[in-house]
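Participant: I need the structure of the sequence given here:
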Amino acid sequence: MLSRSCFNLLNLDDYSTDWTRIPRVISVPGIISDFDDATNGAVSPENGAVSSVSSERRIIVANQLPLKAYRDSSSDVKKWCFDWDKEALVLQLRDGFPADVEVIHVGCLCVDVDPLEQDDVAQFLLEKFKCVPTFLPPDLINRYYHGFCKHFLWPIFHYMLPLTPNHGAAFDKDTWQAYVSANKVFADRVMEVINPDEDYVWVHDYHLMILPTFLRKRFHRIKLGFFLHSPFPSSEIYRTLQVREEILRALLNCDLIGFHTFDYARHFLSCCSRMLGLDYQSKRGYIGLDYYGRTVGIKILPVGIHMGRIESVMSLPDTIEKVRQLKNEYGGRIVLLGVDDLDMFKGIGLKFMAFDLLLAENPVYRGKVVLVQIINSPRSRGKDIQEVEDEINRVASETNRKYGDKEYQPIVCVKGPISFQEKVAYYSISECAVVTPVRDGMNLVPYKYTVSRQGCLDETGNVAPKKSVIIVSEFIGCSPSLSGAIRVNPWNISSVVDAMILGITMKDSEKELRHEKHYKYIASHDVSYWSRSFDQDLERACAEHCRKRFWGIGFGLNSRVIALGPNFRKLSMQQVVSAYNCTNSRLILLDYDGTMTPEDRVDKSPGPQVISVLNSLCSDPKNIVFIVSGRGKVSLSKWFSQCEKLGLSAEHGYFTRWSEDSEWESCDLAVDLGWKKIAIPVMEHYTEATDGSSIEEKESALVWHHQEADPDFGLWQAKELLDHLESVLANDPVLVKSGQQIVEVKPQGVSKGVVVKNLMEKMKNKGKAADFVLCIGDDRSDEDMFEAIASSVSNRWLPENAEVFACTVGQKPSMAKYYVDDTSQVIKLLQVLSKSGAV
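Facilitator: Below you'll find the model as predicted:
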């Protein structure tokens, strides 16, 4: 019996049947039911979900809900109590949405809830907080979060490969399956509340990177965005992932993908190019990837902080009192501050070593400068965390032993958890923030520090001059936006020491200027600006959904949708055969590469099957059959020498031959090929500089191929060559254009579209105007043929009642009205037509 998931995968239409709901149950820890919740809209309130009355809703999906949970110890029942976690980014981003937008959160709770209490808790959270909890069994959480996310995916995304058993966790199929299962549970919870025609879904971070596949498979028109809060590694690192394509394709099932920096986005685009053969385009400031008819937008915008939250905490009496206590505690010493999670990528040990070297080389700072390091609780557990903690303790103890005394401790470790209010107090008293992770996604500590220093108090309780110094690692996402910060390589301890000295000795006037520069940026790029900008771009990316038709293809994690125009449909063989049999003057136009033979074939010459079907079609006196190709006439003449009645058009129509007995005719254009003397040396220069590239010289054109070159470098060189050739050939009557891994130079006025017009015109002049036209092609140059055919009736090259079938190979945006799946279907169609005409 097929599961509901199988029905979803096998059904190629965007269905809206209201299936009977099947409760989602996890009966055995880690084993997840394979049934999909099936309502197309939002579940009714009677079933415990959110009503779909509101037309403006955002569903925010993250690994953890923005809630704090605790037991009420004052009652005997000790029932669960919940409150908003005001420090959670997924809660703060709501400020960027319009006031009338309803926000629903989907995610896990930070506590374990007994299965017997889960239904009551879920109902309460939905009604009071509009939160939908995903209850995962402890074993599944351990394998999904602590196993795959934190010990495998997180290190790789931070450039740490599992080269040895003691250096990262190797890929484990069991934890990967747990990751898939957990993402499936999240998808089910979203399906319970979504109105797919109205709601926008925004998924956050690497924990849920394959969730888009499940959602897109179920709702083809879903409005779906994703933001990655961690780094995206370079393609050399990412390609080591055993599940690299599954994750890439899942992300491409979104409408908009967000990154903190251009570097992260560039790495993602490079992976798409190298592994999936996808190229991106930039248009009017927007970057997009064409993926099966959908344009997947790429958003580059670093996240901001909630200004109001920090300012409100700073004004609290408790905060002001804490600031005074800390100033007294550190007795006028210069405080350098670090705030980091306890993990291997924060570079705390390196920071301590740099401070140790600072005191060793500069005795004048002993007793005058202190490094306060707030260490947040680790987000995972394991041997690596213990090793990091041991290293931190060892270096700190050694430094304090060498340079400290009863009244002075050079390194002060404040181990978490500590409240946000206390952190703000520490920010306020610190002359310099030292943020030196070896790799980090964004890191908002410099932003929070800057805002806290904007309103800090002096010893008298008055607002002190607004000044701050930030030492920041060049390997974190916030670094590009902090143009006034002292950027360092955290691995170079000496450079960190120099930065510390610069921060300590910098003049107050310089500190004030740097602070003002940072504060202006942070205030104008806060969390509401970030979420509002992403939300607006997501709306723009989804604007065309209602105008397109969608089909689902692929199975499992390779499932995806194809978006096509409303008038674009699969070619009906029965319809073509019927029209073929009812007509008497037929024109059949066929591209060769990618149409009659697959692109990936090494031997490009036609096989016996192709020769046979072409001869059969040509033997019918009612037919005129042409191969219209970009290839040279020598190759075409040799390959189709057995097809005596076949017409050939070579080099995109520059040469044409009606049959083997006739002579090759060149186009009527007076073409001067002297431009070749200019273009060939330029192409040779780029060929020499680009390993894997080559030049194809035709009688009328030159083609530079880079399909065998490095994808990124080849594309880069192709753009440079295009610009170079356009410049040097600006005064010559030629067209320079890029194609699929080529740059071509050919005479102006030569195209496959011109060939089609000429053939139709000659047939009309002979009194045999075509009443049946079948044109099949697969690439950009064939679009000229489709365009010419579309205008043929209005220009009276064809009778008004002519049967016209313009068909592209593959489901993709095209000027053609029809498509076939692949070259095998092209051959099958031609065989059916040849047999039909012979009857």
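Participant: how about the helices in the stretch 701-839 of the chain?
Facilitator: Here the stretch 701-839 of the chain has its helices, by DSSP state H, counting those that start in this stretch, at 711-728, 752-765, 780-790, 823-838.
Participant: which of those is buried the deepest?
Facilitator: Ranked by mean neighbour count, those are led by helix 780-790 with a mean of 21 (mean count of other CB atoms under 10 Å). (Each C-beta comes from the backbone N, C-alpha and C, glycine too.)
Participant: Could you dump the helices of the stretch 701-839 of the chain into JSON lines with mean pLDDT added?
Facilitator: Converted to JSON lines, the helices of the stretch 701-839 of the chain look like this (pLDDT from 0 to 100):
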{"stretch": "helix 711-728", "mean pLDDT": "91"}
{"stretch": "helix 752-765", "mean pLDDT": "89"}
{"stretch": "helix 780-790", "mean pLDDT": "88"}
{"stretch": "helix 823-838", "mean pLDDT": "89"}
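Participant: can you put those helices in TSV and add distance to Leu648?
Facilitator: Below are these laid out as TSV (distance: least, CB to CB, whole Å):
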stretch	distance to Leu648
helix 711-728	28
helix 752-765	11
helix 780-790	15
helix 823-838	17
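Participant: I figured Ala170 was touching Leu163, is that so?
Facilitator: No. Ala170 is beyond contact range of Leu163, at 9.6 Å (criterion: CB atoms under 8 Å).
Participant: Check Gly810 and give its pLDDT.
Facilitator: In this model, Gly810 is scored at 83, pLDDT.
Participant: Quick check: it vs Glu699, distance?
Facilitator: 30 Å (CB to CB, to the nearest Å).
Participant: ditto for Ser824
Facilitator: For Ser824, the distance to Glu699 - CB to CB - is 33 Å.
Participant: Also Ile300?
Facilitator: From Ile300 to Glu699 the distance is 46 Å (CB to CB).
Participant: again with Lys299
Facilitator: Distance from Lys299 to Glu699, by CB to CB: 47 Å.
Participant: One more: Val628?
Facilitator: In terms of CB to CB, Val628 sits 17 Å off from Glu699.
Participant: And these two? Which one has more around it.
Facilitator: Neighbours around Val628 and Glu699, counted as other CB atoms under 10 Å, are more numerous at Val628. The numbers are 28 against 16.
Participant: Name whatever forms a beta bridge with the residue nearest to the spatial centre of the chain.
Facilitator: The chain has Ile257 as the residue nearest its centroid, 4.5 Å off, counting by CA atoms, centre = their mean. Counting by DSSP bridges, Ile257 is bridged to Phe226, Ile298.
Participant: pretty sure it contacts Ala250?
Facilitator: No. Using CB under 8 Å, Ile257 makes no contact with Ala250, being 10.6 Å away.
Participant: quick one: contacts of the strand or helix carrying Ser533?
Facilitator: Assigned by DSSP states H and E, Ser533 falls within helix 527-541. The contact list for helix 527-541 (CB atoms under 8 Å, 6 or more residues apart in numbering) reads 58, 89, 92-97, 200, 202, 223, 225, 227, 255-256, 258, 286, 295-297, 299, 301-306.
Participant: Repeat that for stretch 711-718.
Facilitator: With CB under 8 Å, 6+ apart, stretch 711-718 has contacts from 270, 273-274, 277, 279, 686, 689-690, 692-693, 704, 706-707, 709, 738, 741-743.
Participant: Do a quick rundown of the strands in the stretch 1-150 of the chain.
Facilitator: Secondary structure of the stretch 1-150 of the chain (DSSP state E, counting those that start in this stretch): strands at 57-64, 67-71, 80-84, 102-108, 131-133.
Participant: tell me the angle the first one makes with strand 102-108.
Facilitator: I take that to be strand 57-64. Strand 57-64 and strand 102-108 are oriented at 20 degrees to each other (axes from the mean of the first three to the mean of the last three CA atoms, to 10 degrees).
Participant: do the third one as well
Facilitator: With the same axes, to 10 degrees defining the directions, strand 80-84 sits at 120 degrees from strand 102-108.
Participant: Tell me which strands strand 80-84 pairs with, and in which orientation.
Facilitator: strand 67-71 (antiparallel).
Participant: can you list the residues that contact the strand it pairs with?
Facilitator: Against strand 67-71 from outside (CB under 8 Å, 6+ apart): 78-85, 109-111, 125, 129, 131.
Participant: can you put those in TSV and add distance to Leu830?
Facilitator: Converted to TSV, those look like this (distance: CB to CB, whole Å):
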residue	distance to Leu830
Lys78	76
Lys79	73
Trp80	69
Cys81	72
Phe82	67
Asp83	70
Trp84	66
Asp85	65
Leu109	61
Cys110	63
Val111	66
Leu125	61
Phe129	62
Cys131	59
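Participant: min pLDDT across these, which one?
Facilitator: Lowest pLDDT among the contacts of strand 67-71: Lys78, 78.
Participant: And it, how far from Asp114?
Facilitator: In terms of CB to CB, Lys78 sits 11 Å off from Asp114.
Participant: which residues of the stretch 601-750 of the chain fall in strands?
Facilitator: Taking DSSP E, counting those that start in this stretch as the criterion, the stretch 601-750 of the chain carries its strands at 623-628, 647-650, 655-657, 665-666, 694-697, 702-705, 734-739, 742-747.
Participant: Quick check: the nearest residue in space to Thr450 that is not next to it in sequence vs Val434, distance?
Facilitator: Counting by CB to CB, 6 or more residues apart in numbering, Thr450 lies nearest to His518, which is 4.8 Å off, once chain neighbours are set aside. To Val434, His518 is 15 Å away according to CB to CB.
Participant: Equivalent analysis for Leu125, please.
Facilitator: For Leu125, the distance to Val434 - CB to CB - is 40 Å.
Participant: neighbour count winner among these two?
Facilitator: Set side by side, Leu125 and Val434 show more neighbours around Val434, with 31 against 20, by other CB under 10 Å.
Participant: Double-check that one against Leu337; I have them as touching.
Facilitator: Yes. Judged on CB under 8 Å, Val434 makes contact with Leu337 at a distance of 6.8 Å.
Participant: where do the contact lists of those two overlap?
Facilitator: Leu371.
Participant: Kindly compare burial across the strands of the stretch 601-750 of the chain and name the winner.
Facilitator: Among those, highest average neighbours (mean count of other CB under 10 Å) belong to strand 647-650, with a mean of 25.
Participant: Could you list the paired strands of it along with their orientation?
Facilitator: Strand 647-650 has these strand partners (DSSP bridges): strand 623-628 (parallel), strand 655-657 (antiparallel).
Participant: Now that strand: average pLDDT?
Facilitator: Strand 647-650 shows a mean pLDDT of 94.
Participant: now that strand: how far from the chain's centre is it?
Facilitator: Relative to its chain's centre, strand 647-650 lies at 42 Å (CA atoms, centre = their mean, to the nearest Å).
Participant: ok, residues contacting that strand?
Facilitator: 624-629, 631-633, 636-637, 640, 655-659, 664, 752, 755, 759.
Participant: if you set the cut-off to 7 Å instead, what comes out?
Facilitator: For strand 647-650, contacts defined as CB atoms under 7 Å, 6 or more residues apart in numbering pick out 624-629, 631-633, 636, 640, 656-659, 755.
Participant: where do the helices sit along the stretch 451-600 of the chain?
Facilitator: 493-505, 508-524, 527-541, 573-581.
Participant: For Leu140, which of those is the nearest?
Facilitator: helix 527-541 (30.1 Å; CB to CB).
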